[in-house]
Structure formats: C-alpha cells, structure tokens
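Novice: Compute the structure for the input listed below.
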Amino acid sequence: MAEIIFIGLGSNLGDRRANLRQAMDLLEQQVGTILQASSMYSSEPWGEPDQPWFWNMVVRMTTRLSPVDLLNTLLDIERRMGRERGQKNGPRTIDLDILVFGQKIIHDANLQIPHPRMGVRNFVLIPLMEIAEHLQIPGTDQTVEDLYLANQDELEVCLLEEE
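Specialist: This is a model prediction of the structure:
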C-alpha cells in the first residue's frame, strides 16, 4: 500500500533551483509520485551562518518504499547529486529529509520519523505550511500550523519568484 510522505529539500551550492528540480525528478523516478510541491524559499543558513543562503521546499508524495528503503534512496540521490558529508550543518548541493511518513513513528539510531527538528526550523515549516498547514504530526496533537506558531526560529525565510 502506498503511503503519503513529506520530504524536505534544500540546496545552497551550485545552481540551487536546478538542484531542487533535479532532486524532484529523481524523487519521481525512484520514490513515487509527487502530489504537491511547495514554492521555493530562500533561507538564512541554520546552525552555521557563514555559508550561502539555502533554497528550500517541501514535497508531498506517495511511496511504496519502506521507511528504511526510503532513507537509503534519499542518501543515494544525495550522493549522486554530489553531496559530500563533512561539516555538520555545512554547505551542500542537496539535502533530502523525511519529514513525515504516513502515521509512522520511528526512533532508531539512523532514522527519526517524524523529523525531530522540523518544528523548530522556519525553512521547513513555512513551505510545509504552504501545502499542509492542517497536517497533524504523528505522535502529537499538533498540526504544522501549531508548530509554526509555537516555534521561536527567527532566521529569515523569503518566498522566491517563479521562473
């Protein structure tokens, strides 16, 4: 059975718009069908300010992959797109995060679903609000809108113009 999932996408190296579009193409080829995509947003870097601003977005899609297979597929897409893991919160060509996977709650060493830090990051919450503000976060009584209203992230997130 297909699950509805939400994936966060981010890029701050190279042609960020092209990176996000390529990642969406690869998600469609390897993960499932994109049902909805947020606008793209420019956001101040979180955790490590001395780097280019990120471009972020969120997609809602279906998948038949298991959560672990999805994680491995996302890591493979990141590698294929040139992501090099080094500095925590450092620059990257692409970052793909599982935000929500159906109603699943997973707390393993390598996989946390729902994403444990999405509720404190405007660069995730603002695009997620655009496409799913009333989505209830599994394991909580909070919606995306509730998380946004309660969060204290003051980093700037700006809607980008469509091209």
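Novice: going forward, measure contacts and count neighbours with C-alpha atoms only.
Specialist: OK.
Novice: in this protein, which spans are strands?
Specialist: Assigned by DSSP state E, the strands in the chain fall at 3-11, 34-37, 41-43, 54-63, 95-101, 106-107, 112-113, 157-159.
Novice: Which parts of the protein are helices?
Specialist: Secondary structure of the chain (DSSP state H): helices at 16-30, 67-80, 122-132, 144-150.
Novice: nearest to residue 162, of those?
Specialist: Closest approach to residue 162 among the helices of the chain (CA to CA): helix 16-30, 10.0 Å.
Novice: in the closest one, what's buried?
Specialist: For helix 16-30, burial by neighbour count (16 or more other CA atoms under 10 Å) applies to 16, 17, 19, 20, 23, 24, 26, 27, 28.
Novice: cool, and stretch 89-104?
Specialist: 90-102.
Novice: now, which of those residues sits nearest residue 71?
Specialist: residue 98 (7.4 Å).
Novice: How about the closest one: what's its closest non-neighbour residue?
Specialist: Nearest non-adjacent residue to residue 98, counting by CA to CA, 6 or more residues apart in numbering: residue 7, 4.8 Å away.
Novice: again with residue 151
Specialist: The spatially closest residue to residue 151, leaving aside those adjacent along the chain, is residue 120, at 5.3 Å (CA to CA, 6+ apart).
Novice: What count of nearby residues applies to the one you found?
Specialist: When neighbours are counted by other CA atoms under 10 Å, residue 120 registers 16.
Novice: Same check on the one 10 residues further on?
Specialist: Look at residue 130: counted by other CA under 10 Å, it has 16 neighbours.
Novice: same deal with residue 65?
Specialist: For residue 65, using other CA under 10 Å, the count is 16.
Novice: what's the answer for residue 79, then?
Specialist: Neighbours around residue 79, by other CA under 10 Å: 15.
Novice: what's the answer for the one 3 residues further on, then?
Specialist: Taking other CA under 10 Å as the neighbour definition, residue 82 ends up with a count of 13.
Novice: any idea how far it lies from residue 154?
Specialist: 30 Å (CA to CA, to the nearest Å).
Novice: where in this protein is pLDDT low?
Specialist: Counting by pLDDT under 70, the ranges of the chain that qualify are 163.
Novice: mind redoing it with 90?
Specialist: Where the chain drops to pLDDT under 90, the residues are 1, 46-50, 83-91, 161-163.
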